[in-house]
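Colleague: just a sequence and a predicted model for now, questions to come.
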Amino acid sequence: MKGFFKAISYIFHPLFVPIAGTLMYFIITPKYSPLKLQSGNILPIFILTVIIPIICFLILKNLGLVHSQFLPTTKERKYPLAIQSILLLMIILKVIPNNYTMELHYFFLGLFSASMAILFLLFLDFKSSLHLAGIGSLVMFMIALSIHFEINLIVAISVATLITGILATSMLYLKAHTASEVLIGLIIGAISQLLTLKFWL
């Protein structure tokens, strides 16, 4: 059972949330999206949110600033989260303006807000669940896209909700987080997207 929950925590790692949301958008949107627009968003977002953070993590690990990919302490979490926040801001300011997609702009604005909120709580010595913040953001974004484009995504949303429950269970089973840390992470992720809806929905 431990192996299953560990696999879930890797598969649905928060590192993959930005690129997952981007791919989900281009799959769901009925709007015409030329290949140039898609590649102009997907490729730099993948590099900035997956490749560069992995390289930064390896550097931080070699420097002894982090010791595990699960980042068990609040001190270890500050460095990767600060880097992630900067990279998300770069996407908002540099990547999306060149290949403007309104829905993605606000999705990343929500992710940036969530990262800053979690980083702020770290300085208060509270460790929110990044996994649940990530999946919470994705589920809320999926619901918003369903309403925005008037597309029935009930099956996909139901599956995503089920995955959210399994992911929360895995965090508790592996003792990576307490129930309050899991709940706060989920709330931060969902609310950060919810607050952007009035600007594009």
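Modeller: Yes, it's here. Numbering: from 1, shown residues only.
Colleague: tell me, how many residues neighbour Ser115?
Modeller: Other residues near Ser115 number 24, with proximity taken as other CB atoms under 10 Å. Bear in mind the C-beta positions are built from the backbone N, C-alpha and C, glycine included.
Colleague: pretty sure Ile96 sits against Leu109.
Modeller: No - no contact is recorded between Ile96 and Leu109 when judged using CB atoms under 8 Å, the distance being 9.4 Å.
Colleague: what ranges does this structure have for its helices?
Modeller: For the chain, helices defined by DSSP state H occupy the ranges 2-11, 17-28, 35-46, 52-62, 74-90, 102-123, 130-149, 154-173, 179-194, 197-200.
Colleague: among the ones you listed, which is nearest Ser68?
Modeller: Ranking the helices of the chain by proximity to Ser68 (CB to CB) places helix 74-90 first, at 7.6 Å.
Colleague: I'd say Leu87 and Val50 touch.
Modeller: No - when contacts are counted by CB under 8 Å, Leu87 is not listed as touching Val50 (10.0 Å).
Colleague: and the two? Which one has more around it.
Modeller: Summary of the neighbour comparison: Leu87 and Val50, criterion other CB under 10 Å, with Leu87 having more neighbours (21 against 15).
Colleague: present the helices of the chain as TSV; the columns should include distance to Ser68 and mean pLDDT.
Modeller: Formatted as TSV, these follow (distance: least, CB to CB, whole Å; pLDDT from 0 to 100):
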stretch	distance to Ser68	mean pLDDT
helix 2-11	12	85
helix 17-28	20	94
helix 35-46	24	89
helix 52-62	9	92
helix 74-90	8	91
helix 102-123	16	94
helix 130-149	13	94
helix 154-173	14	92
helix 179-194	16	94
helix 197-200	35	88
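Colleague: out of those, deepest packed?
Modeller: Of all the helices of the chain, helix 130-149 carries the top mean neighbour count, a mean of 23, counting by mean count of other CB atoms under 10 Å.
Colleague: packing partners of that helix?
Modeller: In terms of contacts (3 or more CB pairs under 8 Å, 6 or more residues apart in numbering; DSSP states H and E), helix 130-149 is packed against helix 17-28, helix 102-123, helix 154-173, helix 179-194.
Colleague: next one: Phe108 from Ile42, what distance?
Modeller: With the distance defined as CB to CB, to the nearest Å, Phe108 ends up 13 Å from Ile42.
Colleague: before we move on, what about Pro14?
Modeller: Pro14 sits at a distance of 18 Å from Ile42 (criterion: CB to CB).
Colleague: now do Leu124
Modeller: Distance, Leu124 to Ile42, by CB to CB: 36 Å.
Colleague: and Asn62, by the same measure?
Modeller: With the distance defined as CB to CB, Asn62 ends up 30 Å from Ile42.
Colleague: please apply the same query to Ala114.
Modeller: When CB to CB is the yardstick, Ala114 and Ile42 sit 21 Å from each other.
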